[in-house]
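**Q** Sharing a sequence plus its predicted fold:
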Amino acid sequence: MNEAVRLSRESSPQALEPPVVGGPELSVVVPTFNERENVTVLYRRLVAVLEGISWEAIFVDDNSSDGTWEVVRGLARQDSRVRCIRRIGRRGLSGACIEGMLASSATYAAVIDADLQHDETQLPKMFSLLSSGEAELVVGSRYIEGYNAEGFDKQRAGVSALATEVAKKFLRIKIADPMSGFFMIRRDRFEQVAPKLSVYGFKILLDIVASARGDLRAKEIPYTFGSRQHGESKLDSMVALDFLGLVLAKLTNDVVSLRFLLFAMVGSTGLVVHLATLFIAHELLNVPFAEAQAAGALVAMTTNFILNNFLTYRDQRLKGFAILGGLIIFYIVCSVGLFANVGVAFSVYEHEQIWWLAGAAGALMGVVWNYAMSGLIVWRKR
């Protein structure tokens with residue numbers, strides 16, 4: 001290096017500034033979708049309650065149509081502790097939380113909703129429990145003494161309680177509230193289970209606890225569940241389907257993915273639609289069997305496409321003219337899948353003349369083919 005340049009750099013104001021050592025101790029991950037009115041309020045609350053802790057806030061936004069990510073970037077320009085991850089072509093709370101925690105280099109990572117219903121004043125207590133070594137996971141629980149449910153309506157509370165009991169029974173979960181969306185975890189422990197997690201759905205804590213299989217020291221604390229101030233709840237009937245799919249996936253030790261299970265369930269409804277159409281056309285309208293069978297297959301494939309576009313691949317949902325093109329490709333994929341179905345069925349039947357075994361093997365092959373090709377061609381990530 002030129003001596004004059006070296007001396008100039010050493011004497012500059014930047015050279016007199018102390019070097020930045022280490023990083024934040026705590027990353028607060030905030031998944032957002034259309035929460036423009038809430039993110040600034042939450043940021044200010046975090047500033048107030050996390051005084052004395054080295055922290056950062058990672059807002060993971062699913063390309064909000066209300067410009068939530070723009071507000072977050074404005075905050076980031078004012079405070080370097082704020083970071084924005086804007087996701088395009090990807091949707092879902094679990095996936096957002098996973099991306100946010102994997103983007104962190106802090107010792108601990110917390111997850112909190114942006115709707116202001118979680119009690120951010122409990123974050124220092126959570127941090128203290130983790131940093132003292134008392135726990136590896138601290139959960140804001142709705143099912144222990146001291147919890148205050150200001151903004152938790154009875155219907156939502158009932159559904160949550162039922163889901164909690166299902167999770168405890170089938171997945172042998174020990175903590176009282178595995179459905180909570182408010183928790184803090186040692187990031188190194190999260191890194192260990194991260195490869196097993198599903199990016200689909202809403203119940204990231206349940207997935208973490210189930211994937212850890214009891215090898216995660218957890219502690220629960222009560223908190224006050226507040227009322228939503230702005231915006232609308234993102235929870236809908238699809239959450240129940242995601243939850244059931246997640247439970248089934250964990251019961252199979254993650255051999256079967258949540259998306260595959262949804263695809264298979266849609267395929268099962270397609271069989272019902274096929275048979276109903278065949279009955280109406282052949283038995284009621286006296287259409288010849290061959291034509292009625294073809295009509296049943298066409299209606300079933302169309303129904304399957306619509307349901308898969310709405311449910312299974314809703315994070316990659318086709319819109320506009322892309323729906324027509326996707327439907328045509330789906331017809332082709334399913335037609336090839338039918339040949340695969342029949343081919344495997346005949347092959348199995350030649351070795352073991354058990355009709356139901358051959359039929360099941362063929363059906364499974366057809367589902368696997370249709371699922372693989374649909375994800376690769378019809379609903380491929382763009």
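**A** Yep, it's here.

**Q** just the strands in this protein please.
**A** 26-32, 55-61, 82-86, 108-111, 137-141, 148-149, 183-186, 218-222, 224-225 (DSSP state E).

**Q** want to throw those into TSV with mean pLDDT?
**A** Putting the strands of the chain into TSV (pLDDT from 0 to 100) gives the following:
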stretch	mean pLDDT
strand 26-32	97
strand 55-61	97
strand 82-86	97
strand 108-111	98
strand 137-141	96
strand 148-149	72
strand 183-186	98
strand 218-222	95
strand 224-225	82
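
**Q** So for I204, which of those strands sits nearest?
**A** strand 108-111 (6.8 Å; Cβ to Cβ). Every C-beta, even on glycine, is put in place using the N, C-alpha and C of the backbone.

**Q** domain parsing for the protein?
**A** 16-251, 258-378 (automatic domain parsing).

**Q** could you redo those as a markdown table and give each row mean neighbour count?
**A** Below are the domains of the chain laid out as a markdown table (neighbours: other Cβ atoms under 10 Å):
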| stretch | mean neighbour count |
| --- | --- |
| domain 16-251 | 18 |
| domain 258-378 | 16 |
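
**Q** okay, the strands of the chain in TSV with distance to F127 next?
**A** Listed next are these as TSV, based on distance: least, Cβ to Cβ, whole Å:
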stretch	distance to F127
strand 26-32	6
strand 55-61	9
strand 82-86	18
strand 108-111	6
strand 137-141	8
strand 148-149	21
strand 183-186	7
strand 218-222	12
strand 224-225	18
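
**Q** which stretch among those strands comes nearest V273?
**A** strand 26-32 (35.3 Å).

**Q** Strand partners (parallel or antiparallel) of the closest one?
**A** Here strand 26-32 has these sheet partners by DSSP bridges: strand 55-61 (parallel), strand 108-111 (parallel).

**Q** Direction-wise, compare that strand with strand 82-86 and give the angle.
**A** Orientation of strand 26-32 against strand 82-86 (axes from the mean of the first three to the mean of the last three Cα atoms, to 10 degrees) gives an angle of 40 degrees.

**Q** gap between strand 26-32 and the chain center?
**A** Mean C-alpha position of strand 26-32 versus that of the full chain (Cα atoms, centre = their mean, to the nearest Å) differs by 15 Å.

**Q** what residues are up against M184?
**A** L26, Y108, A109, A110, V111, L123, M126, F127, L130, L137, V138 (Cβ atoms under 8 Å, 6 or more residues apart in numbering).

**Q** Check the gap between the last one and V39 for me.
**A** Taken as Cβ to Cβ, to the nearest Å, the spacing of V138 relative to V39 amounts to 24 Å.

**Q** who touches stretch 323-338?
**A** For stretch 323-338, the external contacting residues (Cβ under 8 Å, 6+ apart) are 297-298, 301-302, 304-305, 308-309, 318, 366-367, 369-370, 373-374, 377-379.

**Q** do that again at 6 Å, thanks
**A** M301, F305, L318, G366, W369, N370, M373, S374, I377, V378 (Cβ atoms under 6 Å, 6 or more residues apart in numbering).

**Q** So which of these is the closest to Q78?
**A** Distance ranking of the contacts of stretch 323-338 against Q78, using Cβ to Cβ, places L318 first at 38.9 Å.

**Q** can you tell me which residues contact I98?
**A** Here I98 is in contact with L197, V199 (Cβ under 6 Å, 6+ apart).

**Q** Now do the helices in the stretch 51-200 of the chain.
**A** Counting by DSSP state H, counting those that start in this stretch, one finds helices in the stretch 51-200 of the chain at the ranges 68-78, 93-102, 123-131, 154-171, 187-193.

**Q** Kindly reformat those as a markdown table containing mean pLDDT and distance to S268.
**A** Shown next, in a markdown table, are these (pLDDT from 0 to 100; distance: least, Cβ to Cβ, whole Å):
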| stretch | mean pLDDT | distance to S268 |
| --- | --- | --- |
| helix 68-78 | 97 | 37 |
| helix 93-102 | 95 | 24 |
| helix 123-131 | 97 | 42 |
| helix 154-171 | 74 | 20 |
| helix 187-193 | 96 | 31 |
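
**Q** Tell me which of these sits nearest to E283.
**A** E283 sits nearest to helix 154-171 of all those, at 39.6 Å, using Cβ to Cβ.

**Q** Worst mean pLDDT across the helices and strands of this protein, which element?
**A** Lowest on mean pLDDT, DSSP states H and E among the helices and strands of the chain sits helix 13-16, with a mean of 34.

**Q** what's the most distant pair in the contacts of stretch 323-338?
**A** Taking Cβ to Cβ, no two of the contacts of stretch 323-338 sit farther apart than L318 and G366, at 22.1 Å.

**Q** how far away is L205 from I323?
**A** 35 Å.

**Q** can you give me the helices for the stretch 201-350 of the chain?
**A** If DSSP H, counting those that start in this stretch is used as the criterion, the helices of the stretch 201-350 of the chain fall at 204-212, 238-251, 258-278, 289-307, 322-351.

**Q** picking that back up, so for the contacts of stretch 323-338, which is the shakiest by pLDDT?
**A** Ranked by pLDDT, the contacts of stretch 323-338 bottom out at G366, which has 81.

**Q** where does the closest residue to that one other than its chain neighbours land on pLDDT?
**A** Excluding its sequence neighbours, the residue lying closest to G366 (Cβ to Cβ, 6 or more residues apart in numbering) is N341, at 3.4 Å. Note on N341: pLDDT of 74.

**Q** Next one: N341 from F260, what distance?
**A** From N341 to F260 the distance is 17 Å (Cβ to Cβ).
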